[in-house]
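A.B. asks: from the sequence below, what's the structure:
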Amino acid sequence: MGMLEKNFLVKALCDAQKSSGPETSGEVQGLINKTVNAPKGKLYLSDTEFQYAAQSLNGMRNAYLSAGRSSGGIDRVLAKLMISKYRNVPVR
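C.D. replies: Sure thing, here's the model as predicted:
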């Protein structure tokens, strides 16, 4: 995940955090911090973090489309997220 994709994801998560209630605000903030501090090309997400990321990107995409704006960059990030490989890593 490059800087552009990372910025799109952080922007979508910030928008989702503003619209969500206080019960999920802390979890979304943790995901934002994890995304910002992730090394280039690597972002490991749990199942709930994956759901937050996908839903927030989809919400941002819907907002762009309803405003008549292009959603090409968001589509690329969403596609990259959806086709990403998931590996179980044993806990040590």
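A.B. asks: distance check, residue 5 against residue 48.
C.D. replies: Distance of residue 5 to residue 48, computed by CB to CB, to the nearest Å: 20 Å. To be clear about C-beta, it is placed using only N, CA and C from the backbone, and glycine gets the same treatment.
A.B. asks: neighbour-wise, which of those two wins?
C.D. replies: Neighbours were counted for residue 5 and for residue 48 using other CB atoms under 10 Å; residue 5 has more, 19 against 11.
A.B. asks: and that one, what are its phi and psi?
C.D. replies: phi -60, psi -40 (degrees, to the nearest 10).
A.B. asks: give me the nearest residue to it, chain neighbours excluded.
C.D. replies: residue 77 (4.6 Å; CB to CB, 6 or more residues apart in numbering).
A.B. asks: that neighbour: how many residues sit nearby?
C.D. replies: Residue 77, neighbours per other CB under 10 Å, totals 22.
A.B. asks: touching, it and residue 7? I think so.
C.D. replies: No - in this structure, residue 77 is not within contact of residue 7 by CB atoms under 8 Å, at 9.3 Å.
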